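Peer 1: Make a model of this:
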Amino acid sequence: MTENSISPEQKRLEIRVRQRFRKALNDYHLISDGDKILVGLSGGKDSLALLELLAERAKIYIPRFSVVAAHISVENIGYQSDLDYLRKMCENAGVDFHHVVTSFDDSVEPQKSKCFICSWQRRKALFETAQRLGCNKIAMGHHMDDIVETLLLNMVYQGTLATMPPLLKMDKFDATIIRPLCLNAEADIAQWARYRNYRKQIRLCPYEHESTRSDMKQLLETLRRQNPHVVSTIWRAMENVKPKYLPQK
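Peer 2: Residues are numbered from 1 along each chain as shown. As a prediction, the model looks like this:
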C-alpha cells in the first residue's frame with residue numbers, strides 16, 4: 001500500500017498508535033541502550049503489532065537495542081499456529097524467529113485450572129528462551145484493555161489492587177517484562193490489524209471456557225454504555241491512588 005492510497009482515517013490511526021507506543025516507552029522507561037528484547041509472538045493481532053512497532057523503533061538507534069521473537073507451542077493442546085506466516089512476518093521486520101515447543105502436566109496441581117497451568121508453562125518457556133538467547137527484557141502485547149481487565153479480575157476474584165504493570169522486574173527469572181502497547185486501546189490495535197491484513201491464527205483451546213476474563217470484558221462493555229472512556233478513566237485511577245481514603249489496618 002502506497003502512502004497516497006492510505007485513507008485519512010488510517011493515517012490518524014497510525015499516528016495515534018505510534019504516539020501512544022512512544023509515550024509508553026518514554027513515560028515508563030521501558031527501553032535502554034544495550035537491551036536485547038524478546039517479543040512473545042503468539043500470532044494474535046497484539047503481538048504482531050508489537051513486533052512491527054518494536055522492529056521499526058529499533059531502526060532509529062536511539063536508544064540502541066535489538067529485537068528477537070519467539071512463538072511458544074504447547075504440544076498437548078488442540079491449537080494450531082501458522083508458523084510459516086509468523087516466520088515471514090519476522091523476516092519482513094528484520095527480526096530473528098524462534099519456535100519453542102513445551103507441554104504441561106495438569107495432574108501436578110489439580111486444584112488449579114488447566115488454563116492457568118498452561119498459561120504459566122508458556123510463560124516459563126518464554127523466560128527460559130529469553131535466558132538462552134541472552135535477552136534481558138521480554139515484550140508482551142498487552143494493551144490498555146487487557147491491563148484494566150486484569151485489575152478487575154484481581155479485585156473481584158483475588159481481593160487485591162494489582163494488575164500487569166508496563167514494566168515488571170521478575171524475581172524468579174533474570175528478566176524484565178515490558179508492555180509497550182499499554183497505552184493503546186484494543187479497538188485501535190484491532191483496526192491497525194485490519195488495515196495491515198494480519199492473518200488470524202486458528203485457536204481451538206479446549207480449556208478456554210475456564211477463563212474468567214470474558215466476564216470482565218462483558219463488565220467493561222456494560223460500563224462503556226455509561227462512560228465510553230471507562231478504560232482510560234480506570235487507567236487514570238490507577239495512577240491517582242489516594243491511600244488516605246482507603247482502608248488501612
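Peer 1: Secondary structure of K124: a strand, I assume?
Peer 2: No. Per DSSP: H, G, I helix; E, B strand; the rest coil, K124 lies outside any strand segment and is helix.
Peer 1: which regions of this structure sit below the pLDDT cut-off?
Peer 2: Within the chain, the stretches with pLDDT under 70 are 1-4, 78-79, 106-115, 202-211.
Peer 1: redo that, cut-off 80
Peer 2: Where the chain drops to pLDDT under 80, the residues are 1-5, 76-80, 104-120, 172-173, 201-212.
Peer 1: which stretches of it form strands?
Peer 2: Here the chain has its strands, by DSSP state E, at 36-40, 66-74, 96-102, 137-139, 167-169, 176-178.
Peer 1: how about the residue nearest the centre of the chain, what does it touch?
Peer 2: The centroid of the chain falls nearest to G141 when counting by CA atoms, centre = their mean (1.9 Å). G141 is in contact with V39, G40, S42, G44, D46, S47, A49, L50, R179, L181, counting by CB atoms under 8 Å, 6 or more residues apart in numbering. From N, CA and C alone the C-beta is placed, and that goes for glycine too.
Peer 1: For the second one, which residues count as its bridge partners?
Peer 2: Note on G40: beta-bridge partners by DSSP bridges are A70.
Peer 1: What count of nearby residues applies to it?
Peer 2: G40: 24 surrounding residues under other CB atoms under 10 Å.
Peer 1: A70 is in contact with that one, correct?
Peer 2: Yes. Here G40 lies in contact with A70, judged by CB atoms under 8 Å, at a distance of 6.7 Å.
Peer 1: How about stretch 228-237, which residues are buried there?
Peer 2: Buried residues in stretch 228-237, counted by 16 or more other CB atoms under 10 Å: V230, V231, I234, W235.
Peer 1: Export the residues you listed as TSV, with columns for distance to I15.
Peer 2: Below are the buried residues of stretch 228-237 laid out as TSV (distance: CB to CB, whole Å):
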residue	distance to I15
V230	24
V231	20
I234	25
W235	20
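Peer 1: ok, so of those, who is nearest K242?
Peer 2: Relative to K242, the closest of the buried residues of stretch 228-237 is I234; by CB to CB it sits at 14.9 Å.
Peer 1: Please give me every residue in contact with that closest one.
Peer 2: For I234, the contacting residues are V148, L151, by CB under 8 Å, 6+ apart.
Peer 1: how close does the nearest residue to T163 once chain neighbours are set aside sit to M164?
Peer 2: Leaving aside its sequence neighbours, T163 sits nearest to L151 (CB to CB, 6 or more residues apart in numbering; 4.0 Å). Relative to M164, L151 is positioned 9 Å away (CB to CB, to the nearest Å).
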